[in-house]
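Chemist: sequence first, then the predicted structure:
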Amino acid sequence: MSEIQAYDIKIHKKVTMKNPKPYLMKNGSWALKGTSSATGITLFKIVGKKPSISHSKLDSLRSIFTSRKCECDKFC
């Protein structure tokens, strides 16, 4: 994945965003939410359209949420 640049307001320059994730804002626009590589604060970059997630990340998230064991010894 290419490195995503966002503006960090603490140091007043663009930095690389760590762990960017898609985020749906209240008005229906899409943004990328991550942390600054320099200061560690939360960064947002508005992208307009829904950003694509690579299939490997999507499969790992799906396996986390579908393979949990319940109290009744079933996979819920």
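Modeler: Everything's here; your move.
Chemist: now do the helix or strand containing A31: which elements does it pack against?
Modeler: Assigning secondary structure by DSSP states H and E places A31 in strand 30-36. Identification of packing neighbours for strand 30-36 by 3 or more C-beta pairs under 8 Å, 6 or more residues apart in numbering; DSSP states H and E yields strand 5-8, strand 13-24, strand 42-48. Any C-beta I mention is one placed from the backbone N, CA and C, and that applies to glycine too.
Chemist: which stretch among those strands comes nearest G34?
Modeler: For G34, the closest of these is strand 13-24, at 3.9 Å, according to C-beta to C-beta.
Chemist: contacts for the closest one, please.
Modeler: 3-8, 30-39, 43-45, 50-51, 53 (C-beta atoms under 8 Å, 6 or more residues apart in numbering).
Chemist: give the buried subset of those residues as a ChimeraX selection command.
Modeler: To isolate the buried ones among these in ChimeraX, judged by 16 or more other C-beta atoms under 10 Å, type:
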select :4,6,8,31,32,33,34,35,36,43,45
